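Colleague: Just need the structure, nothing else, for what follows:
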Amino acid sequence: MKDKLNILKEVLGPYYKSRDEYLFSCPYCKHYKRKFSINLNLGVYKCWVCDSKGKSLQRLVRRFGHPQLFQKWRQLTNQIDMSSMDTLFQKEEIAQENQRLSLPEEFLFLGASQLPHEAQRPLRYLKARGITLEDIRYYKLGFCHTGAYRNRIVIPSFDAEGYCNYFVGRSYNGDTLKYKNPPASRNVVFNELLIDWSEPVMLVEGPFDALKARNSICILGSTLNVKSRLFFKLVEKQSPVYVGLDGDALQKSLRVIKNMLEYGLEVFQMDTSNIEDIGSLSYTEVEKLRETAAPMNFENFIFSSWQ
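Modeller: This next block holds a predicted model:
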């Protein structure tokens, strides 16, 4: 506690204590009075003048302190030294060219102004799942009426340069094989073209989950490998992460959260224990889950892992 307080003093300047809180000058509005309140036990801060607030003191240190102070803070919270990234992520893996695929020849864009009669069924399917025409156009959703992906919604993924790097075909006619994927690597950042790394990112399992919230990335499964492109990108960008994996995969979710905490990410856990999956919710319900997500640290991580 004392060491953390010393770091905050170097970042924010002098302070005084009031009960369980420490009052500093606000680094945002720079008000002359010490109205910037920090609770070290809860790990939160708030300015009573400009209303700037947050749930991550680490983010505060990273933004307003110098790199050496940030590294000291990480060491106090048992996080991995960022200089070890080269040992975790092999340079040749990072430098590897992005995967590029072609969509099926039979792919038809469902947001087109003119569509064949066969498009009515996939459109009804998407509408029943709460997917709007705006979503269809934003995510470039299409379908195949014939070919290897016959009777499937096709959800394409585009890399940061706009090239297709993966896609998922989802049956809309009750096929026993719900999903059909291309013979290609899943080690991609799904739809990175649509991600704003300066904003919080939501991690979900499947592509239909990702359709229910902007700035969300599906991990194409229930776990996230620490050597994956996505994990590396999250560590590199240091975006706050909201974890919204399915409730029946709690232990896998906790493993993902633990790995991200070790690399200094600001992580929030969404309560999905009472829902089937994110994709079954409305946009409003997903937003409520995000708003009530619990900020994670090593203390409450240990508590959650024992529940």
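Colleague: drop to CA atoms for contacts and neighbour counts, all remaining ones
Modeller: Fine.
Colleague: How about the contacts made by the closest residue in space to N181 that isn't next to it in sequence?
Modeller: Among residues not flanking N181 along the chain, V168 sits closest, at 5.1 Å (Cα to Cα, 6 or more residues apart in numbering). By Cα atoms under 8 Å, 6 or more residues apart in numbering, the residues touching V168 are 153-156, 179-182, 207.
Colleague: Might you specify the subset of those residues located within strands?
Modeller: In this view, those that belong to strands under DSSP state E are 153-156, 179-180.
Colleague: burial measure for V49, as a count.
Modeller: When counting by other Cα atoms under 10 Å, one arrives at 15 neighbours for V49.
Colleague: SS state for it?
Modeller: coil (DSSP: H, G, I helix; E, B strand; the rest coil).
Colleague: How about E199?
Modeller: What three-state DSSP gives for E199 is coil.
Colleague: any idea how far S239 is from it?
Modeller: Distance from E199 to S239, counting by Cα to Cα, to the nearest Å: 6 Å.
Colleague: between the two, who's got more neighbours?
Modeller: S239 (20 against 12).
Colleague: Report the distance from the lengthiest helix in the chain to the chain centre.
Modeller: Ranked by number of residues, the top helix in the chain under DSSP state H is helix 250-262. Here helix 250-262 is found 13 Å from its chain centre; the criterion is Cα atoms, centre = their mean, to the nearest Å.
Colleague: one step back: as CSV, the ones in strands among the contacts of V168 with pLDDT, neighbour count and distance to Y125 would be great.
Modeller: Listed next are those as CSV, based on pLDDT from 0 to 100; neighbours: other Cα atoms under 10 Å; distance: Cα to Cα, whole Å:
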residue, pLDDT, neighbour count, distance to Y125
I153, 97, 26, 9
V154, 97, 27, 13
I155, 97, 21, 14
P156, 96, 22, 17
Y179, 94, 15, 15
K180, 95, 15, 17
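Colleague: In CSV: those residues, plus distance to Q68.
Modeller: Converted to CSV, those look like this (distance: Cα to Cα, whole Å):
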residue, distance to Q68
I153, 49
V154, 47
I155, 43
P156, 42
Y179, 47
K180, 48
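Colleague: between those residues, which is nearest L230?
Modeller: Closest approach between those and L230, by Cα to Cα: P156, at 16.8 Å.
Colleague: what's the closest non-adjacent residue to the closest one?
Modeller: That would be F167: by Cα to Cα, 6+ apart, it lies 4.2 Å from P156.
Colleague: Closest one of the ones in strands among the contacts of V168 to R74?
Modeller: Distances from R74 to the ones in strands among the contacts of V168, taken by Cα to Cα, are shortest for P156, at 37.6 Å.
Colleague: now that closest one: how far from R100?
Modeller: Using Cα to Cα, which is the criterion applied here, P156 is 12 Å from R100.
Colleague: Please identify every residue contacting each of the two.
Modeller: With Cα under 8 Å, 6+ apart, P156 and R100 have common neighbours 164, 166.
Colleague: Assign the residue nearest to N181 to helix, strand or coil.
Modeller: Secondary structure assignment for V168 (three-state DSSP): strand.
Colleague: beta partners for it?
Modeller: As for beta bridges, V168 partners with I155 under DSSP bridges.
Colleague: Flag the shaky bits of the protein, pLDDT-wise.
Modeller: 67, 77-97, 249, 298-307 (pLDDT under 70).
Colleague: Quick check on the residue in it sticking out farthest from the centre: phi, psi?
Modeller: Distance from the C-alpha centroid of the chain peaks at H117, with 37.2 Å (Cα atoms, centre = their mean). Backbone torsions of H117, given as degrees, to the nearest 10, read phi -60, psi -30.
Colleague: same deal with A148?
Modeller: According to degrees, to the nearest 10, A148 has phi -60, psi -30.
Colleague: From K180, how far out is it?
Modeller: Counting by Cα to Cα - A148 and K180 are separated by 9 Å.
Colleague: What of G13?
Modeller: 57 Å.
Colleague: thinking A213 is in contact with T284, fair?
Modeller: No: contact between A213 and T284 fails when scored by Cα atoms under 8 Å: they sit 9.4 Å apart.
Colleague: So these two - more neighbours on which side?
Modeller: A213 (21 against 11).
Colleague: For that one, pull up the helix or strand it's in.
Modeller: In this structure, A213 sits in neither a helix nor a strand according to DSSP states H and E.
Colleague: For it, give me its contacts.
Modeller: 202, 283, 286-287.
Colleague: ok, 7 Å please
Modeller: By Cα atoms under 7 Å, 6 or more residues apart in numbering, the contact list for A213 reads Y283.
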